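Asker: next one to model:
(chains A and B)
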There are 2 protein chains.
Amino acid sequence: MEINSADALNTFRGPADRFSGAVWLEELATNPNVDLHAYRVNFAPGGRTAWHAHAGGQLLLVVAGVGYVQERGGPVREIRAGDVVTIAPGEEHWHGATEDSFMCHIAFQHAASDEAITWLDHVRDGAA
Amino acid sequence: MEINSADALNTFRGPADRFSGAVWLEELATNPNVDLHAYRVNFAPGGRTAWHAHAGGQLLLVVAGVGYVQERGGPVREIRAGDVVTIAPGEEHWHGATEDSFMCHIAFQHAASDEAITWLDHVRDGAA
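Answerer: As a prediction, the model looks like this:
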């Protein structure tokens, strides 16, 4: 059993090949011996992920603000604090803040997915 | 992709064979096709789980209040809002509120763990 306190989290800027705009990630739980990893992700207005897919799927718990999520071929959908998004294994998608809102979500995925995320192209402005 | 809003959550009382005291669970994400499930669990003062173990481990994100967590053979440890607990696969443990505080956490686990949780005896008062 391992307890991480809020003041001991590793916090880093989302890298430019995987995120656009200003995005900060916090490692909540990344123990390599447990196949459950969690990050808190803070998107400044206009910040978003690139298109990507998780081999084992992903859960997003929206903690604050208003954002967007889109699956490939589907409509851009608005998400708000309190919403929970379940993304299927292999589903290509992106998520991020709206143009005018900060958005924070907790992302929960398999540990193995850290090596099993397929990162794709950046989202074109027309898509949102 | 599935989006659940806060007003559509299934909320239920923790059953007496698995919880003691007043505990309410909310199903945040329980899609059977994604091996990642999440619950929010609200423990009234003195509320706690029985001893149990998850075949795939578990993450607990403490959202509010002050509580306890203990692994078999270890000390009772205090957890507070902002703490993240990583529980190893198969590790026998319990968690709950302190005697004087309400405690709320989000629990993340494998979907398969819904059938792979080993529920054991209730926590004896001396243990906390």
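Asker: show me which residues of chain A are close to chain B?
Answerer: Taking Cβ under 8 Å from any Cβ of the partner chain as the contact definition, chain A meets chain B at A:1-6, A:28-29, A:31, A:33-36, A:38, A:56-59, A:61, A:69, A:71, A:74, A:77, A:79-80, A:82-89, A:91, A:93, A:106, A:108-110. Placement of C-beta: from N, CA and C, glycine included.
Asker: okay, and which of those map to strands?
Answerer: Per DSSP state E, strands hold the following members of the residues of chain A next to chain B: A:2-4, A:28-29, A:38, A:58-59, A:61, A:69, A:71, A:77, A:79-80, A:84-87, A:93, A:106, A:108-109.
Asker: mind giving me the PyMOL select for those, buried ones only?
Answerer: With 16 or more other Cβ atoms under 10 Å in any protein chain shown as the criterion, this PyMOL line picks the buried residues out of those:
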select buried, chain A and resi 3+4+28+29+38+58+59+61+69+71+79+80+84+85+86+87+93+106+108+109
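Asker: who does the residue positioned nearest the centre of chain A bridge with?
Answerer: What sits nearest the mean C-alpha location of chain A, by Cα atoms, centre = their mean, is A:A107, with 5.4 Å. A:A107 has these beta-bridge partners by DSSP bridges: A:Y39, A:L60.
Asker: hmm, A:F43 and it touching each other?
Answerer: No - the criterion here is Cβ atoms under 8 Å, and A:A107 misses it with A:F43 at 11.3 Å.
Asker: just for chain A, where's the confidence low?
Answerer: Applying pLDDT under 70 to chain A flags residues A:113-115, A:126-128.
Asker: try 90
Answerer: The model of chain A has pLDDT under 90 over residues A:6-8, A:111-119, A:124-128.
Asker: need the contact list for the residue nearest to the centre of chain A.
Answerer: Contact analysis of A:A107 by Cβ atoms under 8 Å, 6 or more residues apart in numbering or on different chains lists A:A38, A:Y39, A:R40, A:V41, A:Q58, A:L59, A:L60.
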